[in-house]
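Engineer: Sequence and computational prediction follow.
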Amino acid sequence: MPFNSPVLPAVEPEEFNQRPFFERVKVLSTFWAENGFGSPRLLHVIYLVKLLGLSALGGLLLITWTSNVGGLFDVRHWWDEPIVYQKLVLWVALLEIVGVGGAWGPLTGHFKPMYGGARYWLRPGTIRLPPWPRAVPFTGGDERGVVDALLYAAILASLAVAIVLPGADSAALSAARPEATGGLVRPVLFLVPAVLTVLLGLRDKVIFLAARGEQYVPVMIVCAGLGFTDMIIAAKLVIVVVWVGAAVSKFTRHFAFVVPPMVSNAPFMPKSVRLKHYRNAPEDLRPSGFARFMAHVLGTTAEFVVPLILLLSTDRELTLVAVGCMVLFHLFITSTFPLAVPLEWNVLFGYIAIFLFAGYPNGEGYGVLDFSQGWMLPVIAGALLFFPVLGNLRPDLVSFLPSMRQYAGNWASALWAMAPGVEERLNELPIPVPTHNRQLQALGYPAPVAELTMQMFIAWRSMHSQGKGLLSVLHTYLGDDIETYTVREGEIGANLIVGWNFGDGHLHDDQLIEAVQRRLRFEPGEFVVVWVESQPLHRRTQEYFVMDAALGVVERGRWDVRDLTEEQPWLPNGPVPVTVTWRHPSDHPVHHLGPRTETGEEAPA
């Protein structure tokens with residue numbers, strides 16, 4: 001793979017872009033199996049420099065300098081200092097909410113500039129997405145105001161202050177760890193950013209999720225409200241719920257389809273190992289037995305069992321082995337450069353595993369039964385489990401991040417189909433960056449290569465289970481007209497319009513499309529979206545809708561996930577079966593008839 005230039009399919013870009021849609025999907029999905037996104041190695045070096053230089057080295061320099069725990073290289077002194085753990089959580093939360101942590105760079109569609117985040121959220125007039133505008137007073141509307149920008153700036157300031165101020169003495173810490181020298185971050189310095197993040201999150205769910213509020217806010221609350229020993233035990237519960245919640249969400253047919261394209265994008269993985277994850281690439285891109293073993297034995301089972309060992313074991317050697325397993329687990333994910341690129345998050349969790357379970361063993365008074373008061377275990381555990389349980393049973397009510405469904409492949413997702421000229425009109429929106437094609441051309445990509453590059457995201461989506469369903473519905477709805485549309489991945493579209501995404505379809509559902517339509521006033525047929533909700537854990541179907549920006553939702557239906565798992569990304573056997581449950585009475589052209597209901601009758605018009 002060239003160091004300075006991307007690897008591209010062995011096609012002429014101009015000729016490629018004229019090929020039929022599903023032929024292009026086939027070329028790019030088979031290319032992805034062998035080469036991933038085809039990024040130049042220089043890009044991965046940039047990611048590593050950011051991770052190791054800014055995030056890790058920069059953060060540790062700042063933290064050790066301000067915390068009285070010894071110098072940067074005095075690791076034996078500070079690795080188990082509680083204030084280092086506390087400040088690293090604050091530091092990574094700051095990186096995330098600024099927009100330079102996960103969802104940063106070209107692998108998420110941020111080409112030039114490489115991040116959205118603060119570019120959007122400090123700017124009044126950009127689009128915001130309140131989670132419950134009808135239920136929560138003073139949160140209605142979709143335009144960012146001066147108060148929103150000031151509140152966001154206050155969060156940044158509060159996190160920065162908490163990081164740079166020295167720790168305060170703690171009698172409980174001194175009693176438990178008399179050798180500790182750094183003290184603890186003052187409780188109020190955790191409470192302020194936690195409250196501000198929740199308040200702003202009620203006005204814009206994008207920022208709350210970008211801050212990884214579902215994980216870092218509970219840690220802030222624990223550090224602000226509990227004594228030292230209780231804080232450590234509760235922090236263990238937080239991270240174990242994240243791990244186990246993610247593992248439970250992977251007990252579906254979707255996850256086996258996540259591992260092969262993720263491994264294919266690992267820049268240092270031999271091609272032979274990449275291709276071993278497919279049944280018979282390039283002809284058959286379904287997951288191989290090896291991929292299923294990687295997914296459900298080394299992945300799901302390990303992520304479920306090992307954290308429970310860490311939470312419950314009092315055996316020192318067994319605990320250290322389990323810590324090593326979780327560190328390797330997160331290092332493996334980091335090495336694959338997944339498209340959401342949550343590198344800082346994975347490295348932080350590797351450190352937290354060492355700090356909490358090797359530094360504060362269960363057998364030394366830090367087990368789940370060692371809370372100072374009996375009510376703490378059921379109340380804290382119940383609070384942490386509420387959203388993961390609800391989100392797996394009713395994914396329409398809870399984002400996949402608070403549901404702890406990271407990497408599960410069971411995501412709310414969307415494809416956008418735009419008539420000629422529509423994508424260029426997105427530049428009229430209140431966004432501080434140009435559309436993706438313009439960004440790529442500013443980097444020196446010829447227009448045909450820029451277009452091919454953007455279609456790589458469609459190929460990536462097609463390799464996942466729900467991608468086959470989205471393509472099926474889009475093809476059925478548009479018919480042969482699909483050849484005249486520009487098709488884009490909804491997640492990348494959300495990155496452009498709201499400045500951030502992490503695979504969460506709730507950030508580019510009908511709420512965002514309505515906000516775009518209020519500003520651009522598209523005509524019927526110009527901007528069509530196919531959107532699907534995550535699969536509930538107790539059902540075998542996913543619910544989808546088709547939305548025309550000018551008309552609203554024009555079709556609803558569902559598909560059986562089992563029907564997706566035997567198809568190739570380019571749908572050589574045609575669209576997968578779907579059940580249409582409703583269609584708009586005045587939007588029913590002939591080529592929309594397609595699928596039938598379970599009763600064998602046409603869906604009601």
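Structural biologist: Everything's here; your move. Given the structure is predicted, the values throughout are model-derived calculations rather than measurements.
Engineer: now the helices for the stretch 151-300 of the chain?
Structural biologist: With helices called from DSSP state H, counting those that start in this stretch, the stretch 151-300 of the chain shows them at 171-176, 187-203, 205-210, 213-225, 228-249, 259-264, 271-276, 289-295.
Engineer: Between the ones you listed, which one is closest to residue 155.
Structural biologist: Of all these, helix 187-203 sits nearest to residue 155, with 4.7 Å by CB to CB. The C-beta positions use only the backbone N, C-alpha and C, and glycine is treated the same way.
Engineer: closest one to residue 544 among the helices of the stretch 151-300 of the chain?
Structural biologist: When the helices of the stretch 151-300 of the chain are compared for distance to residue 544 using CB to CB, the nearest one is helix 228-249, at 19.6 Å.
Engineer: same question for the closest one, mean pLDDT?
Structural biologist: If you average the pLDDT over helix 228-249, you get 96.
Engineer: What number of residues are in the vicinity of the closest residue to residue 155 other than its chain neighbours?
Structural biologist: Distances taken as CB to CB, 6 or more residues apart in numbering put residue 196 closest to residue 155, at 4.7 Å, once the chain neighbours are dropped. Using other CB atoms under 10 Å, residue 196 has 19 other residues around it.
Engineer: my guess is residue 229 contacts residue 362, does it?
Structural biologist: No: the criterion here is CB atoms under 8 Å, and residue 229 misses it with residue 362 at 12.0 Å.
Engineer: which residues do these two both contact?
Structural biologist: residue 370 (CB atoms under 8 Å, 6 or more residues apart in numbering).
Engineer: The residue most central in space within the chain sits in which helix or strand?
Structural biologist: Nearest residue to the geometric centre of the chain (CA atoms, centre = their mean): residue 502, 2.8 Å. When elements are assigned from DSSP states H and E, residue 502 belongs to no helix and no strand.
Engineer: how close does it get to residue 49?
Structural biologist: In this view, residue 502 and residue 49 are 22 Å apart by CB to CB, to the nearest Å.
Engineer: Was I right to think residue 23 contacts residue 570?
Structural biologist: Yes: if you go by CB under 8 Å, residue 23 and residue 570 touch, sitting 7.4 Å apart.
Engineer: More neighbours: these two, which one.
Structural biologist: Between residue 23 and residue 570, counting by other CB under 10 Å, residue 570 is the more crowded of the two (21 against 11).
Engineer: Just give the closest residue to the more buried one, not the sequence neighbours.
Structural biologist: Using CB to CB, 6+ apart and skipping the chain neighbours, the partner closest in space to residue 570 is residue 26 (3.7 Å).
Engineer: and what of residue 383?
Structural biologist: The shortest distance from residue 383 to any residue other than its chain neighbours is 7.8 Å, reached at residue 218 (CB to CB, 6+ apart).
Engineer: coming back round to it: so what's the residue nearest to residue 570 up against?
Structural biologist: 568-570.
Engineer: Export these as CSV, with columns for secondary structure.
Structural biologist: Shown next, in CSV, are these (DSSP: H, G, I helix; E, B strand; the rest coil):
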residue, secondary structure
568, coil
569, coil
570, coil
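Engineer: between those, which is nearest residue 465?
Structural biologist: residue 569 (10.4 Å).
Engineer: what residues are up against that closest one?
Structural biologist: If a contact means CB under 8 Å, 6+ apart, then residue 569 has 25-26, 29, 285, 459, 462-463, 467-468, 471 as its contacts.
Engineer: in the stretch 451-600 of the chain, which spans are helices?
Structural biologist: Using DSSP H, counting those that start in this stretch, helices in the stretch 451-600 of the chain cover 465-478, 490-498, 510-520.
Engineer: Determine which of those helices approaches residue 389 most closely.
Structural biologist: Shortest distance between residue 389 and these, using CB to CB, is found for helix 465-478: 22.1 Å.
Engineer: how close does the closest residue to residue 434 other than its chain neighbours sit to residue 71?
Structural biologist: Excluding its sequence neighbours, the residue lying closest to residue 434 (CB to CB, 6+ apart) is residue 427, at 6.0 Å. Per CB to CB, residue 427 is found 49 Å from residue 71.
Engineer: Please give me every residue in contact with the residue nearest to residue 482 when sequence neighbours are not counted.
Structural biologist: Leaving out its chain neighbours, the residue that sits closest to residue 482 by CB to CB, 6+ apart is residue 21, at 5.3 Å. Shown in contact with residue 21 (CB under 8 Å, 6+ apart): 475, 482-483, 487.
Engineer: residues near residue 515, how many?
Structural biologist: That count, for residue 515 with other CB under 10 Å as the rule, works out to 19.
Engineer: Please, where are all the strands along the stretch 451-600 of the chain?
Structural biologist: Ranges of strands in the stretch 451-600 of the chain, per DSSP state E, counting those that start in this stretch, are 486-489, 527-532, 541-548, 552-560, 579-583.
Engineer: could you redo the ones you listed as JSON lines and give each row mean pLDDT, distance to residue 265 and mean neighbour count?
Structural biologist: Supplementary listing: these in JSON lines, determined by pLDDT from 0 to 100; distance: least, CB to CB, whole Å; neighbours: other CB atoms under 10 Å:
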{"stretch": "strand 486-489", "mean pLDDT": "98", "distance to residue 265": "15", "mean neighbour count": "23"}
{"stretch": "strand 527-532", "mean pLDDT": "98", "distance to residue 265": "23", "mean neighbour count": "25"}
{"stretch": "strand 541-548", "mean pLDDT": "97", "distance to residue 265": "25", "mean neighbour count": "23"}
{"stretch": "strand 552-560", "mean pLDDT": "96", "distance to residue 265": "27", "mean neighbour count": "20"}
{"stretch": "strand 579-583", "mean pLDDT": "94", "distance to residue 265": "34", "mean neighbour count": "18"}
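Engineer: could I get these as TSV with distance to residue 383?
Structural biologist: As requested, these are arranged in TSV below (distance: least, CB to CB, whole Å):
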stretch	distance to residue 383
strand 486-489	35
strand 527-532	30
strand 541-548	29
strand 552-560	32
strand 579-583	36
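Engineer: Output the contacts of residue 569 in JSON lines; the columns should cover distance to residue 214.
Structural biologist: Supplementary listing: these in JSON lines, determined by distance: CB to CB, whole Å:
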{"residue": "25", "distance to residue 214": "34"}
{"residue": "26", "distance to residue 214": "37"}
{"residue": "29", "distance to residue 214": "32"}
{"residue": "285", "distance to residue 214": "33"}
{"residue": "459", "distance to residue 214": "30"}
{"residue": "462", "distance to residue 214": "29"}
{"residue": "463", "distance to residue 214": "27"}
{"residue": "467", "distance to residue 214": "25"}
{"residue": "468", "distance to residue 214": "29"}
{"residue": "471", "distance to residue 214": "30"}
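Engineer: could you flag which of the residues you listed are buried?
Structural biologist: Neighbour counting with 16 or more other CB atoms under 10 Å marks 25-26, 29, 285, 459, 462-463, 467-468, 471 as buried within the contacts of residue 569.
Engineer: between those residues, which is nearest residue 388?
Structural biologist: The closest of these to residue 388 turns out to be residue 467 (CB to CB; 24.6 Å).
Engineer: didn't the closest one look like it was pressed against residue 413?
Structural biologist: Yes: applying CB under 8 Å, one finds residue 467 in contact with residue 413, separated by 7.1 Å.
Engineer: Mutual contacts of the two, please.
Structural biologist: When contacts are counted by CB under 8 Å, 6+ apart, residue 467 and residue 413 are jointly contacted by residue 461.
Engineer: Tell me, how many residues neighbour residue 227?
Structural biologist: 14.
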